[in-house]
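Enquirer: Got a predicted structure plus its sequence, pasted below:
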Amino acid sequence: MISLRICALTGFALLLLACATTPKEGLYQALGEGPGIASLVNEAVHRSHADPRFGELFSEADLDNLRSQLNSQICELADGPCVYEGLSMAEAHSGMQISRAEFNWFVEHTRDAMTALGYSVGTQNRLLARLAPMRAEILSDTDMPAQMPEEPVDPLGMGD
């Protein structure tokens, strides 16, 4: 009876040890690797292109090139084997005058695409966190809050 308990406890301890040492799945794997990222990009681009709120933003876009660039970029950001060799986000979006609302709509479509494809909220958040730093480069300068001017040395003009 005691040896049965010892065997059961040993087995349970080994199971816990195995779970504790299992590495967290990488983002690239969580996204389904190349095919999963391609599905995500296709779905996000489709949703964005079909959204009338974007107006002409996607009307003249080369959607095949957009998909290809997004595939490479997301693959690289997710620590996959890809290398993004496209333009910087500032260069790629120069002159497009992308507003905060338009940026947020694209994020919304990307999140909705991930939900539709069955990605966990954790995986969604991991990818969005890696994409978030690009926001400042993508938004038009006119949509960014103005920086406060430096305070004059003598704001009341009273001098010493």
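Expert: Nice, I can see it.

Enquirer: make it CA atoms for all contacts and neighbour counts henceforth
Expert: Will do.

Enquirer: Hmm, Asn104 and Phe54 touching each other?
Expert: No - counting by Cα atoms under 8 Å, Phe54 does not reach Asn104; the two are 11.0 Å apart.

Enquirer: Out of the two, name the residue with the larger neighbour count.
Expert: Neighbour count, other Cα atoms under 10 Å: between Phe54 and Asn104, Phe54 has more, with 17 against 12.

Enquirer: residue contacts, the more buried one?
Expert: By Cα atoms under 8 Å, 6 or more residues apart in numbering, the contact set of Phe54 is Ser48, Glu102.

Enquirer: Same check on Glu33?
Expert: By Cα under 8 Å, 6+ apart, the contact set of Glu33 is Cys75, Gly80.

Enquirer: So in the protein, where's the weakest helix or strand by average pLDDT?
Expert: Lowest mean confidence among the helices and strands of the chain (mean pLDDT, DSSP states H and E): helix 2-21, at a mean of 50.

Enquirer: could you say what helices and strands the helix or strand just after it packs with?
Expert: Scanning forward in sequence from helix 2-21 by DSSP states H and E, the next helix or strand is helix 27-30. Contact partners of helix 27-30 among helices and strands, from 3 or more Cα pairs under 8 Å, 6 or more residues apart in numbering; DSSP states H and E: helix 121-131.

Enquirer: Tell me which helix or strand comes right after the helix it packs on.
Expert: Following helix 121-131 in sequence, per DSSP H and E, is helix 135-138.

Enquirer: Figure out the length between the terminal residues of stretch 27-41.
Expert: With Cα to Cα, to the nearest Å as the measure, stretch 27-41 spans 15 Å from end to end.

Enquirer: Low-confidence bits of the chain, can you list those?
Expert: Scanning the chain for pLDDT under 70 picks out the ranges 1-24, 141-160.

Enquirer: rerun at 80
Expert: Where the chain drops to pLDDT under 80, the residues are 1-24, 55-60, 140-160.

Enquirer: quick one, phi psi at Tyr56?
Expert: One correction, residue 56 is Glu, not Tyr. Per-residue torsions, Glu56: phi -90, psi 0 (degrees, to the nearest 10).
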